[in-house]
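J.: turn this into a model:
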Amino acid sequence: MPNKRPRLLLVTPTHTHPARQGNSARILAFGREMRRRGYAIDLLYYKIDYWSGNTAIAMRAEWDALHLIEPQPHRKQTQASHWGLDDWCPDVLVHKVRQLCQQHRYQAVVVNYVWLSRVLEEVDNAVKVIDTHDVFGGRAELAMASGVEPSWFFTSPEEEATGLNRADLVLAIQNEERDLLLSRTHRPVYTIGHPVHAAYRPLPTTDTTIFGYFASANPWNLASLRALDQELAQTPQPMRWVMAGSICRSEMNLHSSPRIMGMVQAPAEFYDKVSCVLNPMLAGTGLKIKTIEAMAHGRPLIGTQEAFRGLESFHPLQSLDTIKDMTMAMTEFASSDALRTELSAACALTYVAYMAATQSAYDDFAALIR
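T.: Numbering: from 1, shown residues only. This is a model prediction of the structure:
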C-alpha cells in the first residue's frame with residue numbers, strides 16, 4: 001500500500017549523526033518531532049562538514065530517504081565586507097531540490113539556514129520554510145564587538161532579508177531572534193525551540209562539588225572558555241571542574257587545571273561526572289542548546305545572561321552579568337546546600353516551561369503546514 005503520510009524535504013548543510021554539535025542536534029530533533037506528528041522525512045544533505053561511513057549508516061537508518069550532495073568550493077566572496085547571500089549555495093544543490101520536488105509531492109520544503117534559501121526558488125508545489133538557526137545579518141559586527149574573529153558565514157541584514165523573503169514561513173529558534181527577523185522580512189516568523197528529551201541522571205556520589213563545561217570548538221565557546229579559565233585561575237579557593245566535547249581538541253593552555261574528558265560517546269557520560277554545569281557564554285546568536293541539554297539531564301546550571309537568552313529564568317544564578325560573577329557563584333554554590341537546592345529547582349522549572357512551549361509550537365507548525 002502506498003505511503004499516505006504527508007512528506008517533508010529537509011535540506012541541510014550539516015549531518016544529523018553524530019549529533020555532537022548544536023546545529024546537528026537541532027536538525028535531528030526537528031525531524032524526529034515532525035515524524036512524531038505523522039510526517040515522513042526525506043533528508044537532502046549537502047556535505048560541507050564531517051562525514052564517515054558510520055555517519056552514512058546512521059543517517060540512512062534514521063530518515064525515510066537520504067540524498068547526498070558532495071561538497072563544492074564556495075564562490076569567491078561577492079561582497080567586500082561579508083559573504084553574499086548565495087555565495088555558499090551551489091547550483092548542484094538547487095538543481096537537486098528541483099529534481100526531488102518534481103519526483104515527490106512534498107507538503108513542505110524546510111531549508112536549514114538562510115544562506116541556502118536559493119533552493120526555494122525552485123519550489124512551487126510545497127510550503128517553503130527557512131529554519132534560521134541563527135541571525136546572520138550583522139553577525140560579523142557582533143563577533144568583533146565581543147573580541148571574536150568573524151568566521152563561518154556572515155552577511156548583511158539586507159542580504160539576510162532577501163533570503164528570508166524567499167520563504168512562505170520563517171522559523172526562529174528563540175523569541176528575541178523572532179522579533180529581530182520580523183523587522184527584516186514581511187513573511188510570518190514563528191518561534192520553534194529545540195526540544196531535548198533526556199532521562200534524569202542521579203548526581204555523582206561525592207562530597208566535593210564538581211563543575212563541568214561541555215562544548216564544541218566554535219570561536220564563541222573558545223573565547224568564553226578562556227575568560228572563565230582566567231577568572232578561575234585567580235580564585236583563592238580552587239574549583240574542581242571537567243571539560244568535554246570537541247573544544248578539548250583546541251590548544252588553549254589553560255591555567256585553572258580542569259580535568260579533560262575529551263570526546264564522549266554519549267552526553268550522559270559527561271553529566272554522570274558533574275554536579276553542576278557551567279555556561280560562560282559571552283555573546284553569540286541562536287539558542288544555547290547546551291544550556292537546555294544540561295537541564296534535561298537534571299543538572300543545575302550556572303550561566304550568564306547570554307547562556308539563558310531565549311529561556312525563562314527563575315534564579316539570579318541563571319542570568320549573571322560577568323564571568324567574575326560566575327566564579328563567585330561557583331564558590332557560593334559549592335558551600336551552600338540551600339543554594340544547590342534552589343538552583344536545581346529553578347533549572348527544573350525552566351526546563352519544564354521551555355519544553356511545554358516547544359512541544360506546543362511543533363503542534364502548531366505541523367497543523368499549519370498541513
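J.: roughly how far out does stretch 346-366 sit from the chain middle?
T.: Taking Cα atoms, centre = their mean, to the nearest Å, one finds the center of stretch 346-366 at 16 Å from the center of the full chain.
J.: and if you look at stretch 332-339?
T.: For stretch 332-339, the separation from the chain centroid amounts to 30 Å (computed by Cα atoms, centre = their mean).
J.: what's the average pLDDT for it?
T.: For stretch 332-339, the mean per-residue pLDDT is 94.
J.: what residues sit buried inside that stretch?
T.: Residues of stretch 332-339 classed as buried: F333, A334, L339 (neighbour count, 16 or more other Cβ atoms under 10 Å). Every C-beta, even on glycine, is put in place using the N, C-alpha and C of the backbone.
J.: what does stretch 342-362 give?
T.: Neighbour-count burial for stretch 342-362 [16+ other Cβ under 10 Å]: 342-344, 346-348, 350-351, 354-355, 358, 361-362.
J.: and if you look at stretch 245-262?
T.: G245, S246, I247, C248, M252, L254, S256, P258, M261.
J.: and for stretch 153-167?
T.: In stretch 153-167, counting by 16+ other Cβ under 10 Å, buried: F153, F154, T155, S156, E159, E160, A161, T162, G163, L164, R166, A167.
J.: how about those in CSV, adding distance to H194, pLDDT and secondary structure?
T.: Putting the buried residues of stretch 153-167 into CSV (distance: Cβ to Cβ, whole Å; pLDDT from 0 to 100; DSSP: H, G, I helix; E, B strand; the rest coil) gives the following:
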residue, distance to H194, pLDDT, secondary structure
F153, 20, 91, coil
F154, 22, 91, coil
T155, 23, 95, strand
S156, 26, 94, coil
E159, 25, 96, helix
E160, 21, 96, helix
A161, 24, 97, helix
T162, 26, 97, helix
G163, 21, 98, helix
L164, 20, 98, helix
R166, 23, 98, coil
A167, 19, 98, coil
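J.: with distance to D124 added, can I get the residues you listed in a markdown table?
T.: Below are these laid out as a markdown table (distance: Cβ to Cβ, whole Å):
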| residue | distance to D124 |
| --- | --- |
| F153 | 27 |
| F154 | 30 |
| T155 | 26 |
| S156 | 28 |
| E159 | 23 |
| E160 | 23 |
| A161 | 22 |
| T162 | 19 |
| G163 | 18 |
| L164 | 18 |
| R166 | 12 |
| A167 | 13 |
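J.: neighbours of the closest residue to L169 other than its chain neighbours, how many?
T.: Spatial nearest neighbour of L169, chain neighbours left out: V129 (4.9 Å); criterion: Cβ to Cβ, 6 or more residues apart in numbering. Around V129 there are 26 other residues, counting by other Cβ atoms under 10 Å.
J.: related to what we said a few turns ago, wait, which of the buried residues of stretch 245-262 is closest to Y106?
T.: Closest approach to Y106 among these (Cβ to Cβ): S246, at 33.7 Å.
J.: and the closest one, what does it touch?
T.: Neighbouring residues of S246 by Cβ atoms under 8 Å, 6 or more residues apart in numbering: R20, Q21, A215, S216, A217, M263.
J.: same thing with T291?
T.: T291 neighbours (Cβ under 8 Å, 6+ apart): N279, L301, G303, A307, F308, L311.
J.: now the helix or strand hosting K290: how far from the chain's centre is it?
T.: Assigned by DSSP states H and E, K290 falls within helix 289-296. In terms of Cα atoms, centre = their mean, the centre of helix 289-296 is set 11 Å apart from its chain centre.
J.: and the next helix or strand past it?
T.: strand 301-303.
J.: list the helices and strands that next one packs on?
T.: strand 276-279, helix 289-296, helix 323-335, helix 337-369 (3 or more Cβ pairs under 8 Å, 6 or more residues apart in numbering; DSSP states H and E).
J.: comparing the ones you listed, which gets the lowest mean pLDDT score?
T.: helix 289-296 (a mean of 91).
J.: buried residues in that helix?
T.: If you call a residue buried by 16+ other Cβ under 10 Å, then helix 289-296 has these buried ones: I289, K290, T291, I292, E293, A294, M295, A296.
J.: of the residues you listed, closest to T12?
T.: Closest to T12, out of all of the buried residues of helix 289-296 and judged by Cβ to Cβ, is I289, at 15.8 Å.
J.: quick one: contacts for the spatially closest residue to that closest one that is not a sequence neighbour?
T.: Nearest non-adjacent residue to I289, counting by Cβ to Cβ, 6+ apart: G22, 4.2 Å away. Counting by Cβ under 8 Å, 6+ apart, G22 makes contact with H194, S216, G286, L287, I289, K290.
J.: dump the residues you listed into JSON lines; add distance to Y271 as well.
T.: As requested, the contacts of G22 are exported to JSON lines (distance: Cβ to Cβ, whole Å):
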{"residue": "H194", "distance to Y271": "17"}
{"residue": "S216", "distance to Y271": "16"}
{"residue": "G286", "distance to Y271": "22"}
{"residue": "L287", "distance to Y271": "19"}
{"residue": "I289", "distance to Y271": "14"}
{"residue": "K290", "distance to Y271": "11"}
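J.: sorry, back to before: mind putting the buried residues of stretch 342-362 into TSV with distance to D42?
T.: As requested, the buried residues of stretch 342-362 are arranged in TSV below (distance: Cβ to Cβ, whole Å):
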residue	distance to D42
E342	46
L343	43
S344	41
A346	41
C347	37
A348	37
T350	35
Y351	32
Y354	29
M355	27
T358	24
A361	23
Y362	19
